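S.K.: Sequence isn't available, so here's the structure alone:
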């Protein structure tokens, strides 16, 4: 899906600057004609397939099976899922307000349970809750209001990513910077443009000598399949490496910056992100390389004091024992598959948000941005 598709897509490429528009043409989730339209990220990079969801149950399944992923994109998708839930409840309740509210509440609870780590998803659901709980509006009026809020969440996230990109580009210094990124915190993980890749896109517009290392990001290869696909598609120079090569290139001085995304950031700056991020942060600290986290402010959870309180999702064993229809592990082997790890704030040079850049001590700087 290109930037010209869907609500709120037009006019958000930094005032129409052609250089920015050239690196801002991917929309992984759209509200189109009363349906949620997703790029099926499981099929990338070999196939570009759209999946159309017309029920909130289909949206929930798409979130669970990784058709759509990335904290901000999950928030946008959950908001649109609630718009579908309201439409379904309106049709099924025959105007009965109690039945309508019960159906919408059940959908909200089910969507909440799809992915427990990424804070943007429950944030979007909480944004919808005061709307569907209003007793002064009819079910039809609530449905219309939820749809409008879902579209605004999309538009706000897209604008947020551009702001993150501009704030973060100031930190990518040097004549020929080489940025390592882990997993996919790009357009595919947001409404568009991306968080970590938003920083890279904005920095590349300013300095076309910038280059990128993308690591594979096992076990689901989001770096190899998704980040590399985005950057190749938009002509940003990228080299793909395996997860265990980053230390080698850091020691050789071939990497100057690290920029990653986040699924949840606590009040002290501890950050949950895709498994393997902690390892990269340790290597970056050892080699004196600035390690930056890029995320919208909605990813920051000030209710949690430290990363020890972040729930870590464990996913299916089959993600580790093989890929697709190919299996390479013994049938009886035991498997652990945490989807995320927590990077301690001591390893993070700065947290780049749409509201500005926070630096240590994060307990103070994040609250100041709030």
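M.R.: Structure received. Note that the structure is a prediction, hence the values are computed from the model and not measured.
S.K.: all helices of the protein, in order?
M.R.: Using DSSP state H, the helices of the chain run over 18-22, 56-64, 71-93, 97-112, 120-132, 139-169, 196-206, 222, 228-233, 246-251, 277-286, 318-321, 362-369.
S.K.: Summarise which helices and strands the fifth one is packed against.
M.R.: When contacts are defined as 3 or more Cβ pairs under 8 Å, 6 or more residues apart in numbering; DSSP states H and E, helix 120-132 sits against helix 71-93, helix 97-112, helix 139-169. All C-beta spots, glycine's among them, are computed from the backbone N, C-alpha and C.
S.K.: Would you agree residue 267 is in contact with residue 308?
M.R.: No: the pair residue 267 / residue 308 is not scored as a contact, 12.0 Å apart, by Cβ atoms under 8 Å.
S.K.: hmm, back to that, format the helices and strands packed on helix 120-132 as CSV; extra columns: mean neighbour count, mean pLDDT and distance to residue 62.
M.R.: What follows is the helices and strands packed on helix 120-132, written out as CSV (neighbours: other Cβ atoms under 10 Å; pLDDT from 0 to 100; distance: least, Cβ to Cβ, whole Å):
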stretch, mean neighbour count, mean pLDDT, distance to residue 62
helix 71-93, 26, 96, 7
helix 97-112, 17, 96, 11
helix 139-169, 21, 97, 15
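S.K.: and of those, who's closest to residue 315?
M.R.: Of all these, it is helix 71-93 that lies closest to residue 315, at 14.6 Å by Cβ to Cβ.
S.K.: What is that closest one packed up against?
M.R.: So helix 71-93, by 3+ Cβ pairs under 8 Å, 6+ apart, packs with strand 29-32, strand 35-39, helix 56-64, helix 97-112, helix 120-132, helix 139-169.
S.K.: Any idea which of these gets closest to residue 220?
M.R.: Using Cβ to Cβ, the helices and strands packed on helix 71-93 put helix 56-64 closest to residue 220, at 13.5 Å.
S.K.: For the closest one, which outside residues touch it?
M.R.: With Cβ atoms under 8 Å, 6 or more residues apart in numbering as the test, helix 56-64 has contacts from 36, 38, 51, 53, 67-69, 74, 77-78, 80-82, 84-85, 88, 107, 110-111, 114-115, 121.
S.K.: give me that answer again for 6 Å
M.R.: With Cβ atoms under 6 Å, 6 or more residues apart in numbering as the contact definition, helix 56-64 has outside contacts at 36, 38, 53, 68, 81, 84, 85, 107, 110, 111, 114, 115.
S.K.: Any idea what the second one is bridged to?
M.R.: On DSSP bridges, the residues paired with residue 38 through beta bridges are residue 29, residue 51.
S.K.: quick one: contacts for it?
M.R.: Applying Cβ under 6 Å, 6+ apart, the residues contacting residue 38 are 29, 51, 62, 67, 68.
S.K.: Verify the stated contact: residue 236 with residue 202.
M.R.: No: with contact defined as Cβ atoms under 6 Å, residue 236 does not reach residue 202; the gap is 11.2 Å.
S.K.: The two: which has the busier surroundings?
M.R.: Taking other Cβ atoms under 10 Å, residue 236 and residue 202 do not tie; residue 202 has more neighbours (27 against 21).
S.K.: if we can go back for a sec, would you turn the helices and strands packed on helix 71-93 into JSON lines with distance to residue 350?
M.R.: Listed next are these as JSON lines, based on distance: least, Cβ to Cβ, whole Å:
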{"stretch": "strand 29-32", "distance to residue 350": "28"}
{"stretch": "strand 35-39", "distance to residue 350": "30"}
{"stretch": "helix 56-64", "distance to residue 350": "30"}
{"stretch": "helix 97-112", "distance to residue 350": "31"}
{"stretch": "helix 120-132", "distance to residue 350": "20"}
{"stretch": "helix 139-169", "distance to residue 350": "9"}
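S.K.: wait, isn't residue 78 in contact with residue 112?
M.R.: No: using Cβ under 6 Å, residue 78 is not in contact with residue 112, being 8.2 Å away.
S.K.: okay, and the common contacts of these two?
M.R.: By Cβ under 6 Å, 6+ apart, the residues touching both residue 78 and residue 112 are residue 125.
S.K.: Low-confidence regions, this structure specifically.
M.R.: Along the chain, segments meeting pLDDT under 70 span 2-19.
S.K.: same thing but 90
M.R.: Along the chain, segments meeting pLDDT under 90 span 1-25, 70-71, 94-95, 115-120, 298, 324-325.
S.K.: how is it carved up into domains?
M.R.: Split into domains by automatic domain parsing, the chain comes to 18-162, 164-369.
S.K.: now the shortest one, how far from the centre of its chain.
M.R.: For domain 18-162, the gap between its own C-alpha mean and the chain's C-alpha mean amounts to 14 Å (Cα atoms, centre = their mean, to the nearest Å).
S.K.: Over to stretch 339-358 now: how far is its first residue from its last?
M.R.: 26 Å (Cα to Cα, to the nearest Å).
S.K.: contacts for that stretch?
M.R.: By Cβ under 6 Å, 6+ apart, the list of residues contacting stretch 339-358 reads 117, 160, 163-164, 167-168, 268-272, 275, 277-278, 281, 285, 290-294, 296-297, 307, 310, 312-313, 315, 359, 362, 365-366, 369.
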